[in-house]
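>>> 3D, please:
(one chain, ligands or ions: 1)
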Amino acid sequence: MAEYSIVSIMRNAMSGNRHWRPAWRAAAPKRAYDVVIVGGGGHGLATAHYLAKEHGITNVAVVEKGWIGGGNVGRNTTIVRSNYLLPENHHFYEWSLKLWEGLARDLNYNVMFSQRGVLNLAHTPAQMDIHAERGNAMRAAGIDAELLDREAVRAFVPRLDMSEKARFPVLGGLLQRRAGTARHDAVAWGFARAADRHGVDIIENCEVTGFVFEAGRVAGVETTRGEIRAEKVGVAVAGSTSEVMRKAGVDRLPIESHVLQAFVSEPLKPALDSVVTFGAGHLYASQSDKGGLVFGGDLDGFNTYAQRGNLPVVEEVASLLMAMFPSFGRVRLLRSWGGLVDMSMDGSPIITAGPLPGLYLNSGWCYGGFKATPGSGWCFAWTIARDEPHELNRAFALDRFERGATLDEAGAGPLPWHH
Ligand SMILES: Cc1cc2nc3c(=O)[nH]c(=O)nc-3n(C[C@H](O)[C@H](O)[C@H](O)COP(=O)(O)OP(=O)(O)OC[C@H]3O[C@@H](n4cnc5c(N)ncnc54)[C@H](O)[C@@H]3O)c2cc1C
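Next comes the predicted model:
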């Protein structure tokens, strides 16, 4: 398959763009592979890419029940950052951010990664303290973070309502300048194309309906396109984790599936050149390169497998956006959609060998698995290839919930997160 380059663009332009090859083959399932990855989202595709690239394991299939880009990887608000408090989380997400910084070159695909900065606003002195604590933890780990005062916030995002009459006056904020956004479906397509170039079979319209067991081990999957044998099976199905793992007989996991909505406005001229999150409610907003304001808020708050949400959240999110940026009040909402997020009980992910022999699990991404895509694929590939976690995902084991050693980023104690 040809490299994407200025030369190939010119050559194809001169021949009427009739000779581009599909970005990946429409592979038919073989009888057996070394590794089968269930789920062709960002994490499954990234895992296949790094299995081949980093570990030389190319006899791999990614089995996807729908189409590439149809899950959360193509449904999110695309925020990429590593501004976490706990060392287990910030080291992992920082490694992911470093992979993002070289991703377009690695994949030979423009994922439109834009380091435009993510600013978390603070509206109370206590919130400023919390931001200072998190920023200090990040800086101590070598991760960029800046605590901005009110005037610096005003200069960084001039469109914010900084008036005395603002409903929740802004006192300052925590800025990570290397954070930003990427084009979500390009990430799926880029990883799919790169994995395919390594020889990985990407099998769409192929739903996993069961697991094959042999001598007490998982030895493959049953699918709507027949049985596929494998030495190792990795599950990376995000919001469908409980459903898929139940087919392997695992019916208790610290995961709940919820719908999370995203919203896009009509396109505007450039109005917001960074990502801003509200501190007095749950809202995150940016502007896409096409001009639409992209924003989202809380979960809808009930368990579902429907990829659509409800009007109360639309109202809530729109009112929070208005509280931050009253000037956006006349902008029309163009579209919205929902995705199925896999909420773990402590807000941190799971990347582990097990819970059954021959089976490997990648889940628990909550609101934030898009930014983890390269790091998660890299660590999951390591874990599958070597049968042991990398130092970066050692803490993301399942048994932390049994041991009471949860990675509680929100500081909510031994309680599940507010969802
Ligand atoms: C509205 C919204 C906004 C978000 N915003 C952000 C954000 O700004 N930043 C951020 O970092 N994260 C964000 N996220 C979270 C992020 O999108 C997810 O955590 C991440 O994409 C999940 O990993 P994935 O890409 O592998 O999932 P998916 O793309 O959902 O992949 C899982 C795949 O598994 C497939 N599958 C399921 N069951 C089966 C089966 N039985 N057989 C075969 N295949 C199966 C599905 O069809 C799907 O394609 C957001 C999520 C949503 C919904």
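>>> how near is the residue nearest the centre of the chain to Pro169?
Among the residues of the chain, the one closest to the centroid is Phe370, at 1.5 Å (CA atoms, centre = their mean). Phe370 sits at a distance of 31 Å from Pro169 (criterion: CB to CB, to the nearest Å). C-beta coordinates here come from the backbone N, C-alpha and C atoms, glycine included.
>>> where are the low-confidence patches of the protein?
Applying pLDDT under 70 to the chain flags residues 1-2, 411-419.
>>> quick check: Gly347 touching Trp365?
No. Judged on CB atoms under 8 Å, Gly347 makes no contact with Trp365 at a distance of 10.0 Å.
>>> more neighbours: which of the two?
Taking other CB atoms under 10 Å, Gly347 and Trp365 do not tie; Trp365 has more neighbours (30 against 24).
>>> quick one, what contacts that one?
By CB atoms under 8 Å, 6 or more residues apart in numbering, the contact list for Trp365 reads 43, 72, 238, 341-342, 344, 349, 372, 376.
>>> those in helices, which ones?
Counted as lying in helices by DSSP state H, out of these, are 43, 376.
>>> tell me the one of the contacts of Trp365 nearest Leu147?
For the contacts of Trp365, the residue nearest Leu147 by CB to CB is Ala372; the value is 24.8 Å.
>>> assign the residue nearest to that closest one when sequence neighbours are not counted to helix, strand or coil.
Of all residues not flanking Ala372 in the chain, Ser96 sits nearest, at 5.3 Å (CB to CB, 6 or more residues apart in numbering). What DSSP: H, G, I helix; E, B strand; the rest coil gives for Ser96 is helix.
>>> so Ser96 touches Gly369, yeah?
No. Using CB under 8 Å, Ser96 makes no contact with Gly369, being 10.1 Å away.
>>> mind listing the shared neighbours of those two?
With CB under 8 Å, 6+ apart as the test, Ser96 and Gly369 both reach Ser376.
>>> check contacts around the residue nearest to Ala372.
Ser96 is in contact with 82, 371-376, 378, counting by CB under 8 Å, 6+ apart.
>>> now with 6 Å?
By CB atoms under 6 Å, 6 or more residues apart in numbering, the contact set of Ser96 is 372, 374-375.
>>> can you tell me how far it is from Gly210?
Shown here: Ser96 relative to Gly210, a distance of 32 Å by CB to CB.
>>> distance of the residue nearest to Ala372 from Ile351?
11 Å.
>>> what of Trp378?
Trp378 sits 10 Å away from Ile351, going by CB to CB.
>>> residue numbers of the chain in contact with the ligand?
Residues of the chain lying close to the ligand by CB under 6 Å from any ligand atom are 38-44, 63-66, 70-73, 75-79, 207-208, 236-240, 244, 260-262, 296, 339, 341, 365, 367-371.
>>> try 5 Å this time
Residues of the chain lying near the ligand by CB under 5 Å from any ligand atom: 39, 41-43, 64-66, 71-73, 75-77, 79, 207-208, 237-238, 240, 244, 260, 262, 339, 365, 368-371.
>>> next step: the residues you listed restricted to helices.
42-43, 244.
>>> could I get the full set of helices for the stretch 51-200 of the chain?
For the stretch 51-200 of the chain, the helices defined by DSSP state H, counting those that start in this stretch occupy 87-101, 103-107, 125-140, 150-156, 184-197.
>>> single out the most deeply packed of the ones you listed.
With neighbours defined as mean count of other CB atoms under 10 Å, these peak in mean count at helix 184-197, which reaches a mean of 24.
>>> CA atoms only for it, dumped as CSV, please.
The C-alpha trace of helix 184-197 is given here as CSV (Å, rounded to 0.1, in the frame of the first residue of the first chain):
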residue,chain,number,x,y,z
HIS,A,184,-11.6,11.2,16.2
ASP,A,185,-12.5,9.1,13.2
ALA,A,186,-9.1,9.8,11.6
VAL,A,187,-7.6,8.1,14.6
ALA,A,188,-9.7,5.0,14.0
TRP,A,189,-8.9,5.1,10.3
GLY,A,190,-5.2,5.8,10.8
PHE,A,191,-4.7,2.9,13.3
ALA,A,192,-6.8,0.5,11.0
ARG,A,193,-4.7,1.4,8.0
ALA,A,194,-1.4,1.1,9.9
ALA,A,195,-2.4,-2.3,11.4
ASP,A,196,-3.5,-3.6,8.0
ARG,A,197,-0.2,-2.6,6.6
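>>> which neighbouring elements make contact with whatever helix or strand comes next after it?
Following helix 184-197 in sequence order, the next helix or strand is strand 201-203 (DSSP states H and E). If contacts are counted by 3 or more CB pairs under 6 Å, 6 or more residues apart in numbering; DSSP states H and E, strand 201-203 sits against strand 60-63.
>>> what are the C-alpha coordinates of the strand it packs on, in CSV please?
Output of strand 60-63 as CSV, limited to C-alpha atoms (Å, rounded to 0.1, in the frame of the first residue of the first chain):
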residue,chain,number,x,y,z
VAL,A,60,-3.7,-10.9,14.4
ALA,A,61,-7.4,-10.3,13.7
VAL,A,62,-9.5,-7.4,14.9
VAL,A,63,-13.1,-8.5,15.0
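>>> that strand pairs with which strands, and in what direction?
Its sheet considered, strand 60-63 pairs with strand 32-38 (parallel), strand 201-203 (parallel) by DSSP bridges.
>>> hmm, who's touching it?
So strand 60-63 is contacted by 33, 35-38, 40, 44, 48, 51, 200-203, 206, 208 (CB under 6 Å, 6+ apart).
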